[in-house]
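Q: the sequence and its predicted three-dimensional model are supplied below.
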Amino acid sequence: MTTNAAEPTLSEAERSTAARIGQVLFKNRGWLPVPFLAVPLLSAGTQTQTTWIVGLLIVAIGEMIRTAGVAAAGTVTRRRSRDVQRLVTYGAFAWCRNPLYVGNFLAWIGFTVVSGVFWFIPVAILVFAIEYTLIVRYEEGVLESIFGQEYLDYKTRTPRWFGRPPAGSTEGPHDWKEALWSERSTILQYVALIGAFWYKGTL
């Protein structure tokens, strides 16, 4: 773990055009889920018992990954990219570099499956890939600025998206109580979405 004691010099990665676009998206990422959820809610689809079971299972897996990431990293890094005081390389972050975004993606795809609007799945994957690749380019540039070679080493051994069993230990401090409390608003949003999709299925 490394403590950020001084304002870092911007890395070349952080100064790149992709990172600058990603910075804008990062600052506005609160509204990015809207199209992922509005289209399945407003478009015609066929909901069945199978779509509900499979979809909610995907949502649950996504939320478990998110919670594991928050428990390892804490809640500060979720809000501001530069409020990073330590490089977290254990737990969910030993499997992939962006477990919270992977969790988001699975949750959004899960609700699309619930809706039965299957044509939107490849569209959602494409939009997510574009938006979040740019966001991650910015965040990776920031981490490279702050942690330098330590982050580059972590980046080399850990995939960006597709998790794989880590070669070394994944143990490290986790605050599960804080993570579950922090995720309460996300879980309430899931409950509201379940109600909205259920209502849609009754129309």
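A: Nice, I can see it.
Q: all helices for this structure, in order.
A: Remark: helices assigned in the chain by DSSP state H are 12-15, 17-27, 33-42, 49-73, 76-79, 99-115, 120-147, 149-157, 176-182, 184-202.
Q: what's the second one in contact with?
A: Under the criterion Cβ atoms under 8 Å, 6 or more residues apart in numbering, residues 13, 32, 81, 131, 134-141 lie in contact with helix 17-27. The C-beta positions use only the backbone N, C-alpha and C, and glycine is treated the same way.
Q: in this protein, which helix or strand is least confident?
A: helix 76-79 (a mean of 53; mean pLDDT, DSSP states H and E).
Q: before we move on, back to that, among the helices of the chain, which is nearest V88?
A: Of all those, helix 49-73 sits nearest to V88, with 4.7 Å by Cβ to Cβ.
Q: ok, and for that closest one, which residues are buried?
A: In terms of neighbour count (16 or more other Cβ atoms under 10 Å), helix 49-73 has its buried residues at 51-52, 55-56, 58-59, 62-63, 65-73.
Q: report the angle between that helix and helix 33-42.
A: 170 degrees (axes from the mean of the first three to the mean of the last three Cα atoms, to 10 degrees).
Q: which one of the helices of the chain has the lowest average pLDDT?
A: Least confidently modelled of the helices of the chain is helix 76-79, at a mean of 53 by mean pLDDT.
Q: coming back round to it: for T89, find the nearest of the helices of the chain.
A: Nearest to T89 among the helices of the chain is helix 149-157 (5.0 Å), distances taken as Cβ to Cβ.
Q: off-centre distance for the closest one?
A: Averaging C-alpha positions (Cα atoms, centre = their mean, to the nearest Å) puts helix 149-157 20 Å from its chain's average.
Q: residues of that helix that come out buried?
A: 151, 154-155.
Q: where's F93 relative to G22, distance?
A: Computed as Cβ to Cβ, to the nearest Å, the F93 to G22 distance reads 19 Å.
Q: oh sorry, the question was meant for G103
A: From G103 to G22 the distance is 19 Å (Cβ to Cβ).
Q: do the same with E139
A: 7 Å.
Q: who has more neighbours out of those two?
A: Neighbours per residue, other Cβ atoms under 10 Å: of E139 and G22, the larger number sits with G22, 26 against 23.
Q: tell me, how many residues neighbour C96?
A: C96 - counted by other Cβ under 10 Å - has 19 other residues nearby.
Q: do A179 as well
A: Neighbour tally, A179, other Cβ under 10 Å: 19.
Q: all further residue positions should be reported with the first residue as 595.
A: In the new count, where the first residue is 595, that last one comes out as A773.
Q: right, and it touches M658 too?
A: No - distance between A773 and M658: 10.8 Å, which falls outside the contact criterion (Cβ atoms under 8 Å).
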